[in-house]
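Engineer: What would the 3D arrangement of this be:
(chains A and B)
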Amino acid sequence: RKEVEQDPGPFNVPEGATVAFNCTYSNSASQSFFWYRQDCRKEPKLLMSVYSSGNEDGRFTAQLNRASQYISLLIRDSKLSDSATYLCVAFYGGSQGNLIFGKGTKLSVKP
Amino acid sequence: EADIYQTPRYLVIGTGKKITLECSQTMGHDKMYWYQQDPGMELHLIHYSYGVNSTEKGDLSSESTVSRIRTEHFPLTLESARPSHTSQYLCASSERGSSGNTIYFGEGSWLTVV
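Structural biologist: Okay, here's the model as predicted:
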């Protein structure tokens, strides 16, 4: 079983739609979580960190459920420019720890 | 913007050639990484380093080697390139924090072995 699992996608949605991505992690010792965005043939870039209380950045909302070992990303009023692959990332292990990337979920927003 | 740089960005070389992919960061980060990613596929960690003189193998077995003689520099070398090495190689760095600081990626090196 992969340590970080994501919805396989692809998600094809119309502009303006609300879309939710889910991610589960297997290591209960995971300490920090992130969502990264990767455009086609580009490097991944940090979209947002995920905090225990949930956090919002404009149209993007991230939530963490430690009991269920589940992370989510909600995108409201999706734009064409939101089309990308979204990577769920978990960190564990302290100062010698490592980041575990999910396989990513591809989003395609259509006009 | 992340201050992490990779060269070359694109390279086509013949089978059997030796190649070194360069990676430098000016953020003073202790941790550095090399990932391999084929188009449309997942990231695979092939090497990482906690600091100077530290190198570790990642989750995906790789015939490449790395060195970390200086904090800011983490080159990756293929002694004898093969077509199976054709891929994108992404270098990254992060602070060595207990809370998993943000990882920053370079723009990648696209390697084609013919």
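
Engineer: interface residues of chain A facing chain B?
Structural biologist: For chain A, the contact set with chain B under C-beta under 8 Å from any C-beta of the partner chain comprises A:31-32, A:34, A:41-46, A:49, A:87, A:89, A:91-92, A:94-99, A:101-104. For every residue, glycine as well, the C-beta is placed using N, CA and C.

Engineer: What are the contacting residues of stretch B:22-33?
Structural biologist: Contacts with stretch B:22-33, where a contact means C-beta atoms under 8 Å, 6 or more residues apart in numbering or on different chains, come from B:2-8, B:34, B:45, B:47-51, B:58, B:68, B:71-76, B:91-96, B:103-104, B:106.

Engineer: Please settle this for me: is B:Ser84 part of a strand?
Structural biologist: No: counting by DSSP: H, G, I helix; E, B strand; the rest coil, B:Ser84 is not part of a strand but helix.

Engineer: The closest residue to it other than its chain neighbours: neighbouring residues, count only.
Structural biologist: Spatial nearest neighbour of B:Ser84, excluding adjacent residues (C-beta to C-beta, 6 or more residues apart in numbering or on different chains): B:Val113 at 7.8 Å. Neighbours of B:Val113 under the rule other C-beta atoms under 10 Å in any protein chain shown: 20.

Engineer: Please apply the same query to B:Pro83.
Structural biologist: 9.

Engineer: same question, B:Asn53
Structural biologist: So B:Asn53, with other C-beta under 10 Å, has 9 neighbours.

Engineer: Show the pLDDT at it.
Structural biologist: According to the prediction, B:Asn53 has pLDDT 95.

Engineer: What part of chain A, helix or strand, is modelled with the least confidence?
Structural biologist: When the helices and strands of chain A are scored by mean pLDDT, DSSP states H and E, strand A:98-101 comes last with a mean of 85.
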